[in-house]
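>>> Here is a sequence with its predicted model. Questions after.
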Amino acid sequence: MNDCFTKPVEAVKLRSLLENLGSGNKSPSPAPTPSIDDGDQISINPDQPPIDLGRLSTIIGDDDEDELFFLLNIFNNEFPKLLGNLEMAIQERDARSVHDCAHAAKGAALNAGALVLSGILKKIEADAHLENWDETKERTGAVKSEHARIVRFCNDRQ
C-alpha cells in the first residue's frame with residue numbers, strides 16, 4: 001500500500017483513504033502534513049496565537065469552536081502530567097527518558113495545534129543525547145511559559 005500518513009493524522013484524509021480502500025479505488029497518496037522545522041532558534045511572538053486553530057480543525061475534521069476548545073481544555077489538563085514526567089527525567093539526568101518524555105509531549109502539543117510548544121519540545125528531544133542539562137532546563141522553562149500562554153489563550157476565548 002502506497003498511502004501513508006504522518007502524525008498528526010487528519011480526520012478528512014483518513015476518512016477519504018478508508019472510503020477508497022473500501023470501494024476498491026486506488027487513491028493518490030495524501031499530501032504530507034507540513035513538518036515543524038524550527039532550526040536552532042525558537043521565537044515566540046506574543047502577537048501570534050499559541051494555537052493554530054485552523055490546523056487543529058483540520059486534524060479533527062471539525063471547525064466548531066466549542067469542540068476545539070473542549071479538546072484544548074483536555075490538552076491543558078493533561079499536559080502538566082507530561083511536563084512533570086519530563087522534569088523528573090531531567091532531574092534524574094536520564095537522557096533516554098528525557099528524549100522519550102519530550103517526544104510524547106511534542107506529539108500531544110502538535111496534535112493540539114500548539115506549533116511553538118511542539119517546536120521547543122522537538123529541540124529538547126533532538127538534543128537529549130547531548131546531556132546539556134542547563135540548556136535543557138532553560139528550554140523546559142520555555143515549555144512552561146508557552147503552555148501558560150496556551151492556557152491564557154483558551155481562558156480568554158471561552
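The structure has been received and is ready for your questions. The model shown is predicted, which means the values in this text are computed figures rather than measured ones.
>>> For the residue most central in space within the chain, which non-adjacent residue is spatially closest?
For the chain, residue 110 is the residue whose C-alpha lies nearest the centre (CA atoms, centre = their mean; 1.7 Å). Spatial nearest neighbour of residue 110, chain neighbours left out: residue 118 (4.2 Å); criterion: CB to CB, 6 or more residues apart in numbering. Quick note: C-beta positions are derived from backbone N, CA and C, even for glycine.
>>> Let's verify the one you found: helix, strand, or coil?
helix (DSSP: H, G, I helix; E, B strand; the rest coil).
>>> before we move on, what about residue 62?
coil.
>>> Around it, how many other residues sit close by?
15 (other CB atoms under 10 Å).
>>> Roughly how far does it sit from residue 47?
27 Å (CB to CB, to the nearest Å).
>>> any idea which element the residue nearest to residue 112 when sequence neighbours are not counted lies in?
Among residues not flanking residue 112 along the chain, residue 75 sits closest, at 4.3 Å (CB to CB, 6+ apart). If you go by DSSP states H and E, residue 75 is part of helix 65-91.
>>> avg pLDDT for that helix?
Mean pLDDT, helix 65-91: 97.
>>> continuing past that helix, what's the next helix or strand?
helix 95-111.
>>> residues contacting the nearest residue to residue 72 once chain neighbours are set aside?
Leaving aside its chain neighbours, residue 72 sits nearest to residue 154 (5.1 Å; criterion: CB to CB, 6+ apart). Residue 154 is in contact with 51, 69, 72-73, 76, counting by CB atoms under 8 Å, 6 or more residues apart in numbering.
>>> buried set for the one helix or strand residue 58 maps to?
Assigned by DSSP H and E, residue 58 belongs to helix 53-60. Residues 53, 55-60 are the ones in helix 53-60 that count as buried (16 or more other CB atoms under 10 Å).
>>> Check stretch 96-107 too.
So for stretch 96-107, counting by 16+ other CB under 10 Å, buried means 97-107.
>>> Just the C-alphas of stretch 74-89, formatted as CSV.
Taking C-alpha atoms only, stretch 74-89 is exported to CSV below (Å, rounded to 0.1, in the frame of the first residue of the first chain):
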residue,chain,number,x,y,z
ILE,A,74,-8.4,18.4,27.8
PHE,A,75,-4.9,19.1,26.5
ASN,A,76,-4.4,21.9,29.1
ASN,A,77,-5.5,19.5,31.9
GLU,A,78,-3.3,16.6,30.7
PHE,A,79,-0.2,18.4,29.5
PRO,A,80,1.2,19.1,33.1
LYS,A,81,1.5,15.4,33.6
LEU,A,82,3.7,15.1,30.5
LEU,A,83,5.7,18.1,31.7
GLY,A,84,6.1,16.6,35.1
ASN,A,85,7.5,13.4,33.6
LEU,A,86,9.9,15.4,31.5
GLU,A,87,11.1,17.4,34.6
MET,A,88,11.6,14.2,36.5
ALA,A,89,13.7,12.7,33.7
